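In: Pasting a predicted model and its sequence here:
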Amino acid sequence: MSAISETVLILFAARPILAAVPLSPTNIFAPASTPAQTIQGLSLLVLAVTGAIFLTVFSLIFYAVVKFRDRSGRNSVEPAQIYGSTQIELAWTVIPVLIVVVLFLATVRVIAKVQNAQPPAGAVKVTVIGHQYWWEYRYENSKVVTANELHVPVSDPAHPAPTFLTLLSADTDHSFWVPRLAGKTDLIPNHPNSSWIDPQETGLFLGQCSQYCGVQHAKMLLRVYVDTRANFDRWLTEQSAPAVESDAVAEGRREFEATSCVNCHTIRGTAANGKFGPDLTHLMSRDTIAAGSVTNTPRNLRRWIDNPQTFKPGCLMPAMGLSASQLDAITAYMESLR
């Protein structure tokens, strides 16, 4: 049995053990989307090849140490010297070249498969904009603009429904990476990039901005919600609607519109039309605030409005210096945005 075959058998033998370990939401060895599956296949091939190289080299070294060790106890005796071997030199030149060629061709195949994919009719298209330190999502052919939590439909392999992402940066370098769905893809200012996913199971998939972009880089998190097609269509319809306001929170709306919050945030159906901060039209439909780093509860929301630096020191949202009554009114208004 070859060293490569032995390595592959070891990898497959370890799979039941890995399956018993609790699944990490960022486990690259549990792909749930075609791009991630192709990357996993390439990584296993590379692991098998390098593992075979390790076993071969280690075996040869071990053989040389055992066979040619000094048994006489006379350490001063120099072993026979051999100068030059055409066969060995050809072997250690040709074999590595062949290995590199195989890995190169396998890598090119994966890159071409991922980067050259064309969106089919009916594919969901989303523009992803990276900001310091949050994510903006704009759904093509709809009015839906949301932040930090990306919703996409599940893709049945028999009837694929991929989501194609156009990746832009509003300020500095960012990187979009949800390990179980696709590979790391950079967002560079003035250089549009793209990626795509076709999640084949519903659920929540986590990721991270994986390119250092400033002091709060570590709290620029990614949350991708994969819904059934019916639930995704319902969510899209709800998100397309303008904000609904009740008389009970009218004071909070007036307080909100009287501050400079309207210069940064948008709430559809109101005077707020800012583009620098997240769209707040359906804020309370999100599970988190502060780019996924804090649970979206009334208490946390109030603290965030009062002083964002509490949760994300260095974030670009300033404390507005609101009084307790203003803070209560604006928080109540934010809580009504569902």
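Out: Here it is on my side, so go on. Numbers count the residues shown, from 1 in each chain.
In: got the contact list for residue 205?
Out: Residues near residue 205 by C-beta atoms under 8 Å, 6 or more residues apart in numbering: 25, 32, 178, 180-181, 199, 223-224, 226. Where C-beta positions appear, they are placed from N, C-alpha and C, glycine not excepted.
In: List buried residues within those residues.
Out: When the contacts of residue 205 are checked for burial by 16 or more other C-beta atoms under 10 Å, the buried set is 32, 178, 180-181, 199, 223-224, 226.
In: Looking at those, spot the one nearest residue 135.
Out: Closest approach to residue 135 among the buried ones among the contacts of residue 205 (C-beta to C-beta): residue 223, at 9.0 Å.
In: What score does the closest one have for pLDDT?
Out: The pLDDT attached to residue 223 in the predicted structure is 94.
In: cool, and residue 123?
Out: 93.
In: could the buried ones among the contacts of residue 205 be laid out in CSV, adding distance to residue 146 and secondary structure?
Out: Formatted as CSV, those follow (distance: C-beta to C-beta, whole Å; DSSP: H, G, I helix; E, B strand; the rest coil):
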residue, distance to residue 146, secondary structure
32, 22, coil
178, 16, coil
180, 21, coil
181, 18, coil
199, 18, coil
223, 11, strand
224, 12, strand
226, 15, strand
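In: can you name the two of the contacts of residue 205 that are farthest apart?
Out: Counting by C-beta to C-beta, the most remote pair of the contacts of residue 205 is 32 and 223, 14.7 Å apart.
In: Residue 96 - how many residues pack around it?
Out: Neighbour count of residue 96, defined by other C-beta atoms under 10 Å: 11.
In: ok, back up a step: which one among the buried ones among the contacts of residue 205 gets closest to residue 326?
Out: Closest to residue 326, out of all of the buried ones among the contacts of residue 205 and judged by C-beta to C-beta, is residue 223, at 30.3 Å.
In: can you pull the contacts of the closest one?
Out: 148-150, 204-207, 287-288, 292.
In: Would you write a PyMOL line that selects the buried entries of the residues you listed?
Out: Applying 16+ other C-beta under 10 Å to the contacts of residue 223 leaves a buried subset, and the PyMOL line that selects it is:
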select buried, resi 148+149+150+205+207+288+292
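In: Looking at the chain, which helix is longest?
Out: The single longest helix within the chain, with elements called by DSSP state H, is helix 34-67.
In: Give the buried residues for that helix.
Out: In terms of neighbour count (16+ other C-beta under 10 Å), helix 34-67 has its buried residues at 34-36, 38-40, 42, 45, 48-49, 51-53, 55.
In: Any chance of a markdown table for those residues, columns pLDDT and distance to residue 215?
Out: A markdown table is the format used below for the buried residues of helix 34-67 (pLDDT from 0 to 100; distance: C-beta to C-beta, whole Å):
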| residue | pLDDT | distance to residue 215 |
| --- | --- | --- |
| 34 | 94 | 35 |
| 35 | 95 | 31 |
| 36 | 94 | 30 |
| 38 | 94 | 35 |
| 39 | 93 | 30 |
| 40 | 93 | 33 |
| 42 | 94 | 34 |
| 45 | 94 | 39 |
| 48 | 95 | 41 |
| 49 | 95 | 40 |
| 51 | 96 | 40 |
| 52 | 95 | 44 |
| 53 | 94 | 42 |
| 55 | 96 | 45 |
